[in-house]
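Q: Got a predicted structure plus its sequence, pasted below:
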Amino acid sequence: MRARRPQVGVVLTAQHRAGRLAFAREHQDWQIRHWLPVLFTDESRFTLSTCDRRDRVWRRRGEHSAACNILQHDRFGGGSVMVWGGISLGGRTALHVLARGSLIAIRYRDEILRPLVRPYAGAVGPGFLLMQDNARPHVAGVCQQFLQEEGIDARDWPARSPDLNPIEHI
C-alpha cells in the first residue's frame, strides 16, 4: 500500500440526499430527445498562479536546491479569472470571461443571460431548458424575472449535486 491523498466530496445531509434522489427519479426515463434542448451551464474560477503545495518533483540526493526542483510562486497569489460556459447535446455556447469582480445577479443577467443564453434558447426553439446550479446570482429575483419574461424555463437543480451536471466534468 502507498499513501495517497483522499478523494474529496461534498457533505450531504438527508435533505440533500432526498433532493438528489427525487431529481434522479424524475429524469430516469428521459431519452436523448428529452436531453437535446437542455443547456448545462456553470462558471469556474481558475487561479493564474499555482501555490497549493500539491505539486511534486522527483529528485536525487543532493539536488534539493537545483533550479529544476524549485517551484516559484507569488507569495500574494497571482490572481484568478472566472469563466462561464454552457454545453448541450447539440452544441455549446461561447466561453465568456468575466473580467474583474464577482459575479452578482445584475452581471449574470446582463453579461450572460441576455447576450448568451437568450440567443441560444432562440436557436434551440420550443422546449429549451436551462440547467444551472443554485448559486445566488442564478436564483436571484432579477434573473428569475428575466427568464420568466423571456419564456426560458430553468430547471430546479438539487442542492450539493455538482456531480449530476455534465459540465462539471469539462
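A: Yes, it's here. Numbers count the residues shown, from 1 in each chain.

Q: C-alpha only now, for contacts and for neighbours.
A: Noted.

Q: What's the separation between the residue nearest the centre of the chain and Glu26?
A: Centroid-nearest residue in the chain, with C-alpha atoms, centre = their mean: Asp42, separated by 3.2 Å. The spacing between Asp42 and Glu26, counted by C-alpha to C-alpha, to the nearest Å, is 22 Å.

Q: what does stretch 108-121 contact?
A: Identification of contacts with stretch 108-121 by C-alpha atoms under 8 Å, 6 or more residues apart in numbering yields 93-94, 96, 128-129, 137-138, 142-143, 146, 150, 152.

Q: Let's see that with 7 Å instead.
A: With C-alpha atoms under 7 Å, 6 or more residues apart in numbering as the test, stretch 108-121 has contacts from 93, 128, 137, 143.

Q: Report the separation between the closest residue to Glu63 other than its chain neighbours and Arg60.
A: Once flanking residues are discounted, Glu63 sits nearest to Asn69: 7.5 Å by C-alpha to C-alpha, 6 or more residues apart in numbering. As judged by C-alpha to C-alpha, Asn69 and Arg60 stand 10 Å apart.

Q: Comparing the two, which shows the higher neighbour count?
A: Taking other C-alpha atoms under 10 Å, Asn69 and Arg60 do not tie; Asn69 has more neighbours (13 against 6).

Q: in the longest helix along the chain, what counts as buried?
A: Criterion DSSP state H: the longest helix present in the chain is helix 14-27. Neighbour-count burial for helix 14-27 flags 19-20, 23 (criterion: 16 or more other C-alpha atoms under 10 Å).

Q: which is the next helix or strand following that helix?
A: Under the assignment DSSP states H and E, the closest C-terminal helix or strand after helix 14-27 is helix 32-35.

Q: starting at the chain centroid, how far to that next one?
A: 21 Å (C-alpha atoms, centre = their mean, to the nearest Å).

Q: same question, stretch 32-40
A: 18 Å.
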